[in-house]
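S.K.: Sequence first, predicted coordinates after that:
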Amino acid sequence: MQTKDLQTKIESALNNSDAEFDRWDNLDPADPDYMLYSPKPVGYHTTAEQHYLFQNLLVGYSPSSILDIGCGRADLCDFITKFYNEPAGYYGIDHNPIMADVANQKYGFDITLGAFETTKLPTANWVVASGLFTQRRCNTEDADLVKLFEDVDRMYELADSAVSFNLLSPINNKHHEGFFYVHPGLVLDMLIEKYRYVSLRHNYSPDVYTVTILKIK
């Protein structure tokens, strides 16, 4: 896809006034379609935001195999199919049985249920984690950082071409209890030292940035 065409699609997603997007964004938990279509149960404020962050995670991607860590409803596969007009060789894993059931209801996918750190997984061209690192998982900041870099290393081992994920920035933000914030400069320095081919895009909001590691052999 040409850069100009890609930019047009991104802008269209951000400015989308489609009635269907509006309906999904305004669903409430009492609505029977809430778990299937609302962006909120899978960690986004709006559907356009979800699509924008997906595109951020896939900069440089061309349709091929993808491993989606913490896949939730498997919306990423649907996005790839529609955005690139080609299906992806898709494999998703999530620890939440409710999300696994919703993914099956919505798309007919049988995603793997379990913890990605200990589950045997296939390698893939692109390994993605969207929202996986939002919540704190350890008792101290140091332990959270160690856990983050262990998980990134596991993702890197499973990737043939690239790893991408997003993180919360601590800079000029209101910090919420239980959320994991890590300075983008620290992440960039440590990842470049280990993996070399790293990019960071802090291009969406003050809160979220996206990291991509290219696996160049």
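M.R.: Cool, the structure landed.

S.K.: Any idea what the closest residue to A159 other than its chain neighbours is bridged to?
M.R.: Of all residues not flanking A159 in the chain, V127 sits nearest, at 4.2 Å (CB to CB, 6 or more residues apart in numbering). To be clear about C-beta, it is placed using only N, CA and C from the backbone, and glycine gets the same treatment. Applying DSSP bridges to V127 gives these bridge partners: L67, V163.

S.K.: Please tell me how far Y107 sits from G92.
M.R.: Y107 sits at a distance of 10 Å from G92 (criterion: CB to CB, to the nearest Å).

S.K.: Compare the two and say which one has the larger neighbour count.
M.R.: Ranked by neighbour count (other CB atoms under 10 Å), Y107 and G92 place G92 first, with 25 against 18.

S.K.: Could I get the CA-only coordinates of the helix or strand hosting the more buried one as CSV?
M.R.: Using DSSP states H and E, G92 sits in strand 89-94. Backbone C-alpha positions of strand 89-94 (Å, rounded to 0.1, in the frame of the first residue of the first chain) are rendered in CSV as follows:
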residue,chain,number,x,y,z
GLY,A,89,-2.7,-15.8,8.9
TYR,A,90,-4.0,-15.1,12.4
TYR,A,91,-3.3,-16.8,15.8
GLY,A,92,-4.6,-15.2,19.0
ILE,A,93,-4.2,-16.0,22.7
ASP,A,94,-5.9,-14.5,25.8
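
S.K.: thinking again about what came up before, distance of the residue nearest to A159 relative to D151?
M.R.: 11 Å.

S.K.: More neighbours: which of these two?
M.R.: Taking other CB under 10 Å, V127 and D151 do not tie; V127 has more neighbours (29 against 18).

S.K.: Helices of the chain, start to end?
M.R.: Counting by DSSP state H, residue ranges of the helices within the chain are 3-14, 19-25, 34-37, 47-57, 75-84, 97-107, 141-158, 184-195.
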